[in-house]
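K.L.:
Any chance you can model this:
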Amino acid sequence: MPRKLRTFQTSLGFYDLAVAVPSMKAALEAWGAGSNLFHQGFAKETSDPDVLAVTMLKPGVVLKRPAGSSGRFAEHAELPSDIRSGEGGAKREKRRLKPAKKIGEREARKAAVAFEKEQERQKAQRRREEAAREKERERREKATAKAQSALDAAERQHADKAESIRSGIEALEKQAQVEEDRWEKERERLRAALRKARE
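P.N.:
Have a look, this model is predicted:
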């Protein structure tokens, strides 16, 4: 059995907001409020039949109208007329609204069922989005692990080659030193022979 919907109202910035939800907590979540506006006196439950009628048609949807006006709530409301026109303190137009019909028990139940369906649809959508994020995270982790493995292998290969080159350099340096020592002895022997021949 779906919970009965109640209509809550607050003002936020340039707009008055209204929403039909089962609880104050759900209203605060729908408005994206970071604090409890009800305890602070900035939000209230409303029994205005015009507001009830329009919010019950779109349960769970935040409806708005220009702040301080008596216009009808809608999903997309315009800015207050005195702000749009830049007239400052200009008087707002008073529009006559048709009185809304009283919401009956049947319409309230229908709105509550619609709200529950919308909540389930949103939960399913969040689950799908979470699954897609999880899949993307796993893909990134797999790609990261593969790239890290390739980097580690390349670093090991480089270290092996560098060590082989260093060993080759050391061996060549030893050969060069042996050759220098041999040459030094050979040169001394040949110089001695040259000196002896000149005597």
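K.L.:
which residues touch stretch 118-126?
P.N.:
Residues lying outside stretch 118-126 but in contact with it, judged by CB atoms under 8 Å, 6 or more residues apart in numbering, are 59, 60. (Each C-beta comes from the backbone N, C-alpha and C, glycine too.)
K.L.:
phi, psi of residue 64?
P.N.:
phi -140, psi 160 (degrees, to the nearest 10).
K.L.:
Kindly report the same for the one 3 residues further on.
P.N.:
The main-chain torsion angles of residue 67 are listed as degrees, to the nearest 10 and equal phi -60, psi 130.
K.L.:
Over to the one 3 residues further on?
P.N.:
According to degrees, to the nearest 10, the main-chain angles of residue 70 amount to phi -110, psi 20.
K.L.:
This protein: helices as residue ranges?
P.N.:
Using DSSP state H, the helices of the chain run over 24-31, 49-57, 81-84, 105-198.
K.L.:
from those, which stretch is densest packed?
P.N.:
Of all those, helix 49-57 has the most neighbours on average by mean count of other CB atoms under 10 Å, namely a mean of 19.
K.L.:
Which strands and helices lie in contact with it?
P.N.:
Other helices and strands packing on helix 49-57, by 3 or more CB pairs under 8 Å, 6 or more residues apart in numbering; DSSP states H and E, are strand 6-12, strand 15-21, helix 105-198.
K.L.:
taking the mean pLDDT, what do you get for it?
P.N.:
Helix 49-57 carries an average pLDDT of 85.
K.L.:
Residue 52 and residue 63 touch, don't they?
P.N.:
No - Residue 52 sits out of contact with residue 63 when judged by CB atoms under 8 Å, with a separation of 11.5 Å.
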